[in-house]
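Undergrad: all I have is the shape, not the residue letters:
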């Protein structure tokens, strides 16, 4: 189910950007900001992100992992994995970090970013269901599209049925949770640095 949560965040979720950070140059003229910042922040493997994220909400940390997917429509997000390939961390691009591209896939990175929590509760699900029933879904480009705009009506009907089934499943999980909501964590990227092997 956790895999689905990364796919279901509606377009009304907006991620704000922090103030740009000026890069500091070292004595030899190289950029030392990323390295210095990494030394100051907690560094975790992407596989440990889900279990540790609640301790870092609205804080910055550094995540080590391999990029396995980038958004093909605008480069607004990427997925990274660590030692456990079943655990994916969704990293959102910002003006500060710049967009991601397909050439990044398969490369290891240190991603510095702010941990954001989205609480999936009954109000969240009701709003999402309303949007789905109105025929709107979020495309990979972050823009809402009407059902049937990108395929035939049979595909649109199947997509609608799948999304409503997803909402029902998540609604059951929310009802069974002790907190009354589920947490979905993402990372708002500040910077990323390739790990040279």
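TA: Arrived safely. Keep in mind that this is a model prediction, so the values were computed, not measured. Residues are numbered from 1 along each chain as shown.
Undergrad: now residue 85. Nearest residue, chain neighbours left out?
TA: residue 68 (7.5 Å; Cβ to Cβ, 6 or more residues apart in numbering). Backbone N, C-alpha and C define where each C-beta goes, glycine included.
Undergrad: measure the one you found to residue 60 for me?
TA: 23 Å (Cβ to Cβ, to the nearest Å).
Undergrad: what does residue 160 give?
TA: Look at residue 160 and residue 60: by Cβ to Cβ, they are 39 Å apart.
Undergrad: hang on, residue 47 in a strand?
TA: No: going by DSSP: H, G, I helix; E, B strand; the rest coil, the assignment for residue 47 is helix, not a strand.
Undergrad: what about it, how many residues close to it?
TA: 19 (other Cβ atoms under 10 Å).
Undergrad: now do the contacts for it.
TA: 65, 81, 82, 83, 84, 87 (Cβ atoms under 8 Å, 6 or more residues apart in numbering).
Undergrad: quick one, helices of this structure?
TA: For the chain, the helices defined by DSSP state H cover 2-5, 33-40, 49-52, 122-133, 153-176.
Undergrad: residue 108: which of those helices is closest?
TA: Among those, the nearest to residue 108 by Cβ to Cβ is helix 33-40 (13.6 Å).
Undergrad: correct me if wrong: the residue nearest to residue 85 contacts residue 79.
TA: Yes: counting by Cβ atoms under 8 Å, residue 68 touches residue 79, with 5.4 Å between them.
Undergrad: more neighbours, those two?
TA: residue 79 (19 against 16).
Undergrad: can you pull the pLDDT of the more buried one?
TA: pLDDT recorded at residue 79 is 97.
Undergrad: which strand residues bridge it?
TA: Residue 79 has these beta-bridge partners by DSSP bridges: residue 69, residue 90.
Undergrad: residues contacting it?
TA: 6, 67, 68, 69, 70, 88, 89, 90, 91.
Undergrad: what's the spacing between it and residue 97?
TA: Distance from residue 79 to residue 97, by Cβ to Cβ: 15 Å.
Undergrad: now stretch 157-173: mean pLDDT?
TA: Computed over stretch 157-173, the mean pLDDT rounds to 93.
Undergrad: mind checking how far that stretch is from the chain centre?
TA: 20 Å (Cα atoms, centre = their mean, to the nearest Å).
Undergrad: hang on, the earlier thing: in a markdown table: the helices of the chain, plus distance to residue 114 and mean neighbour count.
TA: Below are these laid out as a markdown table (distance: least, Cβ to Cβ, whole Å; neighbours: other Cβ atoms under 10 Å):
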| stretch | distance to residue 114 | mean neighbour count |
| --- | --- | --- |
| helix 2-5 | 19 | 12 |
| helix 33-40 | 12 | 14 |
| helix 49-52 | 13 | 16 |
| helix 122-133 | 21 | 15 |
| helix 153-176 | 25 | 13 |
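Undergrad: with distance to residue 190 added, can I get these in a markdown table?
TA: Compiled in a markdown table, these are given as follows (distance: least, Cβ to Cβ, whole Å):
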| stretch | distance to residue 190 |
| --- | --- |
| helix 2-5 | 23 |
| helix 33-40 | 8 |
| helix 49-52 | 16 |
| helix 122-133 | 26 |
| helix 153-176 | 30 |
